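Peer 1: prediction below, plus the sequence it came from.
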Amino acid sequence: MSNKNSVKNQKVTYKKSGVSIKGADKLIERIKPISKKTFDKNVLGNIGGFGALYDFSSLKYKNPVLVSGTDGVGTKLKIALKTGNLKGIGIDLVAMCVNDIISQGAKPLFFLDYFATGKINLKKNIEILKGIAKGCKKSQCALIGGETAEMPGLYKKDDFDLAGFCVGVVDKKDILPKKNIRKDDIIIGLKSSGFHSNGYSLINYLLEKKKISLKKRINNTTYEKILSKPTKLYTDILKLKNFKDIKAIANITGGGMTENIPRVLPKNTSVEIDLKKVELPVIFKEIQTIGNIDYEEMLKVFNCGIGMIVVVSNVNADKTIKNLKSLKLNSKIIGRIISKKGQQKVIYKNK
């Protein structure tokens, strides 16, 4: 038989197309014990079924409402690929989803992830999934399932993408924001852990133009460490002694305070933010100066040091800050609710 006919008659396998079923199976087997550490008594079954099961019938809610959220980590993935800091990106994924549903007063129950890559790399992929499990553990949220997809041709060998899906529960009467937000209510800002997972397309642009370097040092650390720092998980806010006093929570993600605070405001109200009280962290100031970025643009792109805000009445402000401090959540008053007809917006003073 000629060489030509030999090639022509070769059997085609999934492995030849670039997909390793054995590799995926090994990954799933390694994930199972990692995920199991996040389980609570309400998780039914194990990783690997067609669907993940969670029994919330024993939870003590009079009128339970399920709250769901989904998100990714955006172009922060490029930083993870450059630095090899893969565990942090898993925590980012959980935080981006969990912090959203907390904003509606919901307690996270369970989490699922979607991981797609060009080629399964057991060691690296396990690091990412360990990070997801760590984020779930910190959030008291069960990692009950997910999907791992090997897609050669769509992704380059080492490239990958992540998405997360979180479900929580809240009593109907406790859904945030509440309807009693009014003029002179106080805006409390909770400190962020850095850039979280937003604005990285701008940061990557500065890296590509060589305006900044991952190796550059700042305040006894490097840009690499700062830019790789995971998004802060704000789950502990649900343990606040006076949580019932909170009228609204806004997760400061993409769009910054400018776009996210109005999402929780009633009609004919706006927010006045005192930028003297926000105090732009040093790394944000550097990015602003190096990139020649207008302050208003900074406030639309980045969290500028404020990762989450809560709205309370004036009489409950000091008590709330004290209770947040006891939970190791640094916070301060940064603004107030004002009356303003027409389009809801954020007004900045002392720019």
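Peer 2: Ah, there it is.
Peer 1: going forward, measure contacts and count neighbours with C-alpha atoms only.
Peer 2: OK.
Peer 1: OK, contacts around Lys78?
Peer 2: For Lys78, the contact set (Cα atoms under 8 Å, 6 or more residues apart in numbering) comprises Asn204.
Peer 1: what are the buried residues along the helix or strand hosting it?
Peer 2: Using DSSP states H and E, Lys78 falls within helix 76-83. Neighbour-count burial for helix 76-83, counted by 16 or more other Cα atoms under 10 Å, picks out Lys76, Leu77, Ile79, Ala80.
Peer 1: pull the distance from the helix or strand that it is followed by to the chain's centre.
Peer 2: Next helix or strand after helix 76-83 toward the C-terminus (DSSP H and E): helix 87-102. How far helix 87-102 lies from its chain's middle: 3 Å, per Cα atoms, centre = their mean, to the nearest Å.
Peer 1: what helix or strand does the closest residue to Cys166 other than its chain neighbours sit in?
Peer 2: Counting by Cα to Cα, 6 or more residues apart in numbering, Cys166 lies nearest to Phe111, which is 4.5 Å off, once chain neighbours are set aside. Using DSSP H and E, Phe111 maps to strand 107-117.
Peer 1: quick one: list the elements packing against the helix or strand just after that strand.
Peer 2: Counting by DSSP H and E, the element after strand 107-117 in chain order, helix or strand, is helix 122-138. With contacts defined as 3 or more Cα pairs under 8 Å, 6 or more residues apart in numbering; DSSP states H and E, helix 122-138 has these neighbours: helix 21-36, helix 87-102, strand 142-150.
Peer 1: the strands in the stretch 251-351 of the chain, which residues?
Peer 2: Counting by DSSP state E, counting those that start in this stretch, the stretch 251-351 of the chain has strands at residues 269-274, 306-312, 331-339, 346-349.
Peer 1: buried ones in the last one?
Peer 2: For strand 346-349, burial by neighbour count (16+ other Cα under 10 Å) applies to Val346, Tyr348.
Peer 1: enumerate every residue touching Ile261.
Peer 2: By Cα under 8 Å, 6+ apart, the contact set of Ile261 is Ala250, Ile252, Val271, Ile309, Lys345, Val346.
Peer 1: make it 7 Å
Peer 2: Shown in contact with Ile261 (Cα atoms under 7 Å, 6 or more residues apart in numbering): Ala250.
Peer 1: got it, and Gly254?
Peer 2: Gly254 touches Asn198, Gly199, Val301, Phe302, counting by Cα under 7 Å, 6+ apart.
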